[in-house]
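Colleague: sequence first, predicted coordinates after that:
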Amino acid sequence: MLTQSSSGTHTFSVTLPCTILPEMITVSAKKGDRLDVVADAWHMESDCHYEWQIRFAPGDVDMATVRARHTQDGQLTIEVQRQSCPSRSGIALRYRF
């Protein structure tokens with residue numbers, strides 16, 4: 001997953017296999033300024049499960065602004081708006097498969 005940050009937005013993007021359809025992707029906002037992202041092609045046995053945990057510094061983002069898009073070519077993009085005056089800045093990304 002690629003990460004881009006600006007003064008106003010954090011953007012995360014990844015190209016998923018064509019076997020992963022939009023209904024197979026779950027993006028969950030969690031307590032503690034955290035996003036959990038799961039993409040799972042449940043009908044397959046290999047190369048079918050992708051999982052990321054994204055943690056933001058406390059007060060860095062507005063979790064109500066999380067937006068996810070999945071294009072026909074498999075590109076998943078997640079955008080989160082940053083707070084105007086964050087107490088800290090930064091993110092941590094963990095990937096499991």
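Modeller: On my side now, so go ahead.

Colleague: let's verify the residue with the largest distance to the centre of the chain: helix, strand, or coil?
Modeller: In the chain, Glu45 marks the outermost C-alpha relative to the chain mean, sitting 23.4 Å out by Cα atoms, centre = their mean. Of the three states, Glu45 takes coil according to DSSP: H, G, I helix; E, B strand; the rest coil.

Colleague: please report the distance of it from Val14.
Modeller: Separation of Glu45 from Val14 (Cβ to Cβ, to the nearest Å) stands at 21 Å. Bear in mind the C-beta positions are built from the backbone N, C-alpha and C, glycine included.

Colleague: for Met44, same thing?
Modeller: For Met44, the distance to Val14 - Cβ to Cβ - is 18 Å.

Colleague: mind checking which of these two has more residues around it?
Modeller: A count of neighbours by other Cβ atoms under 10 Å puts Val14 above the other of Met44 and Val14, at 16 against 12.

Colleague: show me what that one is bridged to.
Modeller: According to DSSP bridges, the partner residues bridging Val14 are Leu76.

Colleague: for Ala29, same thing?
Modeller: Listed by DSSP bridges, the beta-bridge partners for Ala29 are Leu35.

Colleague: shouldn't it be in contact with Arg67?
Modeller: No - contact status for Ala29 versus Arg67: not in contact, 11.3 Å apart, counting by Cβ atoms under 8 Å.
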